[in-house]
Structures are given as structure tokens and as C-alpha cells.
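[1] mind folding the following:
(2 chains)
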Number of protein chains: 2
Amino acid sequence: MSMEFELQHICTQSGARCGVIHTKSGDVPTPVFMPVGTQASVKTLSPDEITQVSENLILANTYHLWLQPGTDIIALNGGVKPFMRWDKALLTDSGGFQVFSLSHIRKIEESGVTFRHHLSGATLHLTPEDSIDIQHVLGADIIMAFDECPPFHSGYDYMKQSVERTIRWAKRCQEAHGNSDSQSLFGIVQGGPFQELRKMCLDELIEMDFPGYAIGGLSVGETKAEMDDMLAYLSGHMPQNKPRYLMGVGAPRDLVTGVLHGIDMFDCVLPSRNARHGTAMVHGGKLVIKNKTYEADLSPLDPHCDCFVCRQFTRSYIRHLFKSGEILGLRLLTYHNLYYLKQLMKEVRQAILSDRYSDFVQDFYAANEIEASLQ
Amino acid sequence: MSMEFELQHICTQSGARCGVIHTKSGDVPTPVFMPVGTQASVKTLSPDEITQVSENLILANTYHLWLQPGTDIIALNGGVKPFMRWDKALLTDSGGFQVFSLSHIRKIEESGVTFRHHLSGATLHLTPEDSIDIQHVLGADIIMAFDECPPFHSGYDYMKQSVERTIRWAKRCQEAHGNSDSQSLFGIVQGGPFQELRKMCLDELIEMDFPGYAIGGLSVGETKAEMDDMLAYLSGHMPQNKPRYLMGVGAPRDLVTGVLHGIDMFDCVLPSRNARHGTAMVHGGKLVIKNKTYEADLSPLDPHCDCFVCRQFTRSYIRHLFKSGEILGLRLLTYHNLYYLKQLMKEVRQAILSDRYSDFVQDFYAANEIEASLQ
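    Below is the predicted model:
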């Protein structure tokens, strides 16, 4: 097996869980946030720095790497990990989400999806088998089944059709993957807001016995309450002995709440997107570094953070970098934001291990002024 | 004294020289290339990385820092060095060159220069005394006199007027600077293509006894032969016991040739500008990384380079970063280009110390296919 999940502890106060994902490329403590290296680069960071801001596991996007540089070039370089000089664990998504969110004029058939390249306009076709073939070349430790990711409020009838197809595609992915020991294939639960469809999807996937289960189609525009309700519902039905991965979620509030519902893995571009907009993720909320108020502020970005950015630079300097268009500003904020999430998840794991995660969540909500209705 | 120059050796084969600039912030071996940190940031690089690609001395631009973030903010941060967390030596230019190259609608009077901000359009005024005051706040180890930098081919009459004013401004800078021990003020030789004016300017500056002399107004559009001729002429007249700084020059061929004419210090934005355009400076010339030919090239950027970029990444990967718009590509190329120049200057110094610099220059010209007429 390329991956084995060890459940270490269930918090007696909250029911939240922590564990370890053992991979051939290192151990990954859970719950874990995975930095995103869409195009075989975690934006602006060197491999050494990625090690510092991650827990030995990052994500890359199949859709982007398939289109640029393409599988031939990746294969020539020995896979994504040697390509980007990342020697820890890697997860690739299936490309499904990007096909449905980035591309144009698509036709969804039983065989797969036809769409136009979001930049070149070229017509492309992707099947579950293609996705697995590509992910074999990319060479990640954990790979994902190719799924359809419809809008959250697509309506019951369409969602039912779609989920049934996603289940058939999951089966085809499993067959295409074969009994590979070098990569672990996760199934993805879809079904939008419908508990019945989510449950059906989950049950069918459990029947196929995947080494891990992801929840897709959340954090796509629904309310926090809708997301929370679905996680609360699903957590009661997911197998205890397999990792649970909530895809595309990375806001601190959602991580903390997701863990409460038994989620083990998260990924999101939010830390680097925030950095691009000059927003630092800090204890207690956010800090928009371009604000005039930070012009003469000699304190670090986040006084509670011990990352190299917060140990070295003033808000005044980082604001100046953004005001003057210096890329170093983007680099420093990206590093800090990812480091912040790594530290947050470390605190989350400590709270679970010491059976005080409910207290932790309450304190976090209070410190971040999150309304009770969203708890 | 904030700076002392020690002449160590004159190459018996070529007459080229090497030495050490002793500063309170560390020793700087010469000849030296200084990376440019225009806005208190050497583009994309952290202070640790700047240390790796420099010889303890970098440059920042007075004009840019005066306008953003302004002297109040720099003063509050304790100067440019604490601001950007650079604890080695720093040199600031006077702002003169930027006033004449970047700004619009200027009026040059005896008192100073009136111009429009190159971005905001605001009308600004800068005098020699202002420049020194600003540079005092910026706090560099070496600061520069405020000079006029007219186009190379301005005509003799205008150039003579301009040089005479630059000499008077140099005197005013010296008086404004006072007898400060914490910063060393260099004079700047102007005079365009006219040996007579250059000589007059140099003699007057020598009379004022600056701790170092810069050559301005070269590499501004004149031919290589014109630059070489002027350097050959001036080198015979500059004091042996003071450092000689050729401003704004950084092409490898110009560094190697400048050293032959006794130059000790250089600066230029070329390494980072090249990086922005995807051009790597490598042994034997240049490499345009976006070229299709590097798509499947698994060799390092420069097989003769031992920098972390060349030790870790393939051309194929770096090309992919540029093709996909990943900022890491810019960062890797900036680092490599600066490292390449640092190594080049190290080889230059070794060749001088072992009295074989003429051979070195011949070999360099041959390896880089530089035409005999430009030697």
C-alpha cells in the first residue's frame, strides 16, 4: 500500500479525531491542511520552504499539469515530485472540478466530458480512464477518482443522475487503476444538498472499498450552515478507519468546524489567493496589509506567529513591498499564511489529543468573532 | 571612517587590481558586483538569499525610497538596512540618475532640479542638500553625490555647463554631508564622451578628496568602444588608493572589461531584468528559458554553476514555470543570475591575484564569442 491511515485518538470532549497517514514519502499527521501546488509550484515558494509550511503532504492539479507542460514532459522528468523537487507526499485531484469550474461549452456523456480549454479554446475530452492514466504519470502518492461536480443547487433530478454517473465513473477509475500498490485511489462523495443522494453515493463507494473518501461539491457557494449540516450528517456514516478529505476548504473557521465533524484532510488555494490580495491570515482574523494604518506599524504581521516573516519584518515594510509592487511581499505573505494554517492545525491536533477540542473551538470562535449561528 | 579601501594586488599581466572595502558592516572584496535593491528589496529574494548572491554590499535607490515609503517611514524603521533586514553593507545612489531618466518636464537650475513624479505626476524639487539629507535618513554605508546625468551625446557646450554644475553640486553635497564618520560620500565623474571634461571633473573631485570616485553617464546608449575608450582614459588618472565605481554597468562583458580598466565596483538591474524576461546568464552567454528547445531538457540552467537552482531544477521545470506564469520561475532565475555574476567576479579576483587576468579576459571573450573589435 502507498498509504496507510492510523487513527490515533478520538477526543472525548468533542468526538473529533486525529491520526497519521503513513506514506512511503513520510508520515502526515491528521487533521492536516495541504498547501496547493496547482502547476507543480506552491506559489512563490522553494521546496525547502514548502517543507516548512506543510506537514509533508501537498496537492497538485491534474487538469493544469495535463495541459501544461503535459504528461510527456512530466514523465520525462520522472513525475511531478522529481519535476518540482518535492520528496515528501503528494496528492493529485482528478481534474473533474477544474473541468466543471474553469472550462467552457462542455458536453457530459457517459464516456466522459468534452470541453474547451480555458485559455487556448481547444476542444478536449477527458474520461475517468484518462484521468487515472494522467494521474499515474503524475505519480502522486494519493490520487482521486474522476467525478462530476455540479452546482450545489442543481435540483434533485439532475443531481441524482449526476451522482449515479459519478458512482459509475468511480468504479471505472478503480478498474483503470488496477491493484497498484504505488498510488492510493480515493473515492469522492457528491450529491449537493441532498442527504439521501450523499448517503447513496457514500454507501456505493464504501462498497467498492477505497482507501480513503473525499467529500466534494462543498464550499462551492452554499451557506456555512448548509456545509456544516452536510458534514454533520456524513460524519456519522463514514468509515472510522479511512481518512476523510474535505476538498477545496481552507478558511480557518471551516477547518476548525470541519475537524469537529471528523474531517482529516483539507486543501484550498485560499492562503495564496489571500496573499495575492495582500491579506494576511492572523490570530483573530485577517489583516489587509495595504491599509494606511499599517504604514508606520513596526509590529510583525502576527505577533502570535513565530514564522520567519513574523520574526524578521515589520508590517510597515511588508506594506511598503505591496505598495511598491515588490514580489517579495507576495512571497512573504504566502509563506506566512500557509505557516499560520500549519500552526492552527498543530493546535487543533494538540487540543484533540488532550480531549479539549470543544473548548478549543469555542475559544477560536470567540477570538475570531464568529457568530453563534454559524457554530 | 565608515569605509576604508585596501588595495591588495595589481595583476602583473594586465594591470587590473583587486582589494577589499572594509566597512563597519563587513568586508567587501573588489572588484565587486552589487545587486540592486531599488525599493529596499532585491527583487523576489529574502535577506538570507541576498547574502548568498552578494559580497556583503548591495545598492538601494534614493529616488524610489524617497517617494515610497518616504523618509519618515524609513526613519521610523531605523533606516533602509533594518527596514529590509539587511545587516551587511549598503550603498545608496543620489537620485540624480532617476530624476533625469524617469521623471518628466524638469527644470534644471543652480539650486536643484524640478520634475514631475513618474507615476503620480506631482511636481517635486530635489537639491544636492536634499539628496544628502535623504541619504542620511536611508543610512547606507556609502552614499553618492547628487549629479546631473545628461544624455551621452548632449554636445560639448551643454556638457561643459552641466559638468561645472555637477562639480559645484558635489561641493555642496560634501558640505551638507559634513564630517560624518558613519557614511562615506563618493563623488561622481561626468562629462559624456569628452576626455577634457571628464578630466576636469575628476581633477576637481580629487581636489575635494572624496573617499571614492564613481564614473557616471556611461552605459547610457553609447557604443562599447566609446565606453571602453573613456574607461581606458580615466583609469590612468584616478587615484590608486580610492575605490572606483562604474555606475549602472552589469553585463558580464562590461564587468570583465571594466576590471581590465581598473574598476572596483559595479551595479546594474540587468540580472533581475533578464530574469523577468526569462533570460538566464550562463557560462558562454545567455539562455532564453522559454524557448521550445528547453521543454524536454533535463540539464540544469547552467551546468557549470553550483547555485541551488542549478543543483536542483531542470531547464524543463524552469521553462514550465515561465510558461505557466509561476512567480517561482522569476525567483529562481533572479537568484541564479545574481549568483552567476558573484561567481564571475570571484573568478575575476582569483585571476588578478594569480597575475593571469589578461589570459582570463581572452578566454572569457572566446567562450562568450565576443568580437575582437570590442575587446
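[2] C-alpha from now on. contacts and neighbour counts both.
    Will do.
[3] tell me where the stretch 201-350 of chain A has helices.
    A:224-235, A:252-260, A:270-276, A:308-312, A:315-323, A:327-353 (DSSP state H, counting those that start in this stretch).
[4] closest one to chain B among these?
    helix A:327-353 (4.5 Å; Cα to the nearest Cα).
[5] could you list the buried residues of that closest one?
    Residues A:327-346, A:348-349, A:351-353 are the ones in helix A:327-353 that count as buried (16 or more other Cα atoms under 10 Å in any protein chain shown).
[6] mean pLDDT per helix and strand in chain A: which one sits at the bottom?
    Within chain A, confidence by mean pLDDT, DSSP states H and E is lowest for strand A:104-108 among all helices and strands, at a mean of 79.
[7] do you know how far the most centrally placed residue in chain A is from residue B:335?
    Nearest to the mean C-alpha position of chain A, counting by Cα atoms, centre = their mean, stands residue A:267 at 1.5 Å. Counting by Cα to Cα, to the nearest Å, the separation of residue A:267 from residue B:335 is 30 Å.
[8] cool, and residue A:350?
    Separation of residue A:350 from residue B:335 (Cα to Cα): 39 Å.
[9] go ahead and confirm the residue nearest to the centre of chain A touches residue A:37.
    No. Here residue A:267 lies out of contact with residue A:37, judged by Cα atoms under 8 Å, at a distance of 10.3 Å.
[10] give me the common contacts of the two.
    residue A:59 (Cα atoms under 8 Å, 6 or more residues apart in numbering or on different chains).
[11] what about the residue of chain A most remote from its centre, distance to chain B?
    Taking Cα atoms, centre = their mean, the residue of chain A most remote from its mean C-alpha position is residue A:296, at 36.0 Å. For residue A:296, the distance to chain B (Cα to the nearest Cα, to the nearest Å) stands at 6 Å.
[12] that residue touches residue B:76, doesn't it?
    Yes. Residue A:296 is within contact range of residue B:76, at 7.2 Å (criterion: Cα under 8 Å).
[13] one step back: what's opposite the residue nearest to the centre of chain A in the beta bridge?
    residue A:34 (DSSP bridges).
[14] what's the answer for residue A:23, then?
    residue A:3, residue A:26.
[15] can you check the pLDDT for it?
    We have a pLDDT of 97 for residue A:23.
[16] for chain B, what are the nearby residues on chain A?
    Contact residues (Cα under 8 Å from any Cα of the partner chain) of chain A with chain B: A:39, A:41, A:43-46, A:68-69, A:73, A:76-77, A:83-85, A:295-296, A:298, A:312-314, A:316-317, A:320-321, A:323-324, A:326-328, A:331.
[17] picking that back up, the least confident helix or strand of chain A pairs with which strands?
    Strand A:104-108 has its sheet partners listed here by DSSP bridges as strand A:113-116 (antiparallel).
[18] for the helix or strand just after the strand it pairs with, packing partners?
    Downstream of strand A:113-116, the first helix or strand assigned by DSSP states H and E is strand A:123-126. For strand A:123-126, the packing partners by 3 or more Cα pairs under 8 Å, 6 or more residues apart in numbering or on different chains; DSSP states H and E come out as strand A:113-116.
[19] give me the contacts around the strand it packs on.
    A:99, A:103-108, A:122-127.
[20] circling back: can you redo the helices of the stretch 201-350 of chain A as a markdown table with mean pLDDT?
    Formatted as a markdown table, the helices of the stretch 201-350 of chain A follow (pLDDT from 0 to 100):
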| stretch | mean pLDDT |
| --- | --- |
| helix A:224-235 | 96 |
| helix A:252-260 | 97 |
| helix A:270-276 | 97 |
| helix A:308-312 | 98 |
| helix A:315-323 | 98 |
| helix A:327-353 | 98 |
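[21] format these as TSV; extra columns: distance to residue B:226.
    Listed next are those as TSV, based on distance: least, Cα to Cα, whole Å:
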stretch	distance to residue B:226
helix A:224-235	69
helix A:252-260	62
helix A:270-276	45
helix A:308-312	46
helix A:315-323	38
helix A:327-353	36
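[22] ok, residue A:67 - how many residues close by?
    15 (other Cα atoms under 10 Å in any protein chain shown).
[23] what separation is there between it and residue B:308?
    28 Å.
[24] thinking again about what came up before, which residues touch the residue farthest from the centre of chain A?
    Taking Cα under 8 Å, 6+ apart, one finds A:315-316, B:73, B:76 in contact with residue A:296.
[25] which ones are touching residue A:15?
    Contacts of residue A:15 (Cα under 8 Å, 6+ apart): A:260-262.
[26] which residues touch stretch A:41-59?
    So stretch A:41-59 is contacted by A:25-29, A:32-38, A:84-86, A:88-93, A:267, A:272, A:330-331, A:334-335, A:338-339, A:342, B:321, B:326-328, B:331 (Cα under 8 Å, 6+ apart).
[27] just for chain A, where's the confidence low?
    A:105, A:371-375 (pLDDT under 70).
[28] and the next helix or strand past the helix or strand harbouring residue A:168?
    Using DSSP H and E, residue A:168 sits in helix A:156-177. Per DSSP H and E, helix A:156-177 leads on to strand A:184-189 as the next helix or strand towards the C-terminus.
[29] which of the residues in that following strand are buried?
    In strand A:184-189, counting by 16+ other Cα under 10 Å, buried: A:184-189.
[30] over to stretch A:257-273?
    So for stretch A:257-273, counting by 16+ other Cα under 10 Å, buried means A:257-272.
[31] other residues contacting the helix holding residue A:168?
    A:110, A:128-129, A:132-133, A:145-148, A:150, A:185, A:187-188, A:190-192, A:194, A:197, A:201, A:204-205, A:208.
[32] got a list of what residue A:122 touches?
    Taking Cα under 8 Å, 6+ apart, one finds residue A:116 in contact with residue A:122.
[33] are any of the contacts of helix A:156-177 buried, and if so which?
    Buried among the contacts of helix A:156-177 (16+ other Cα under 10 Å): A:128-129, A:132-133, A:145-148, A:150, A:185, A:187-188, A:190-192, A:194, A:197, A:201, A:204-205.
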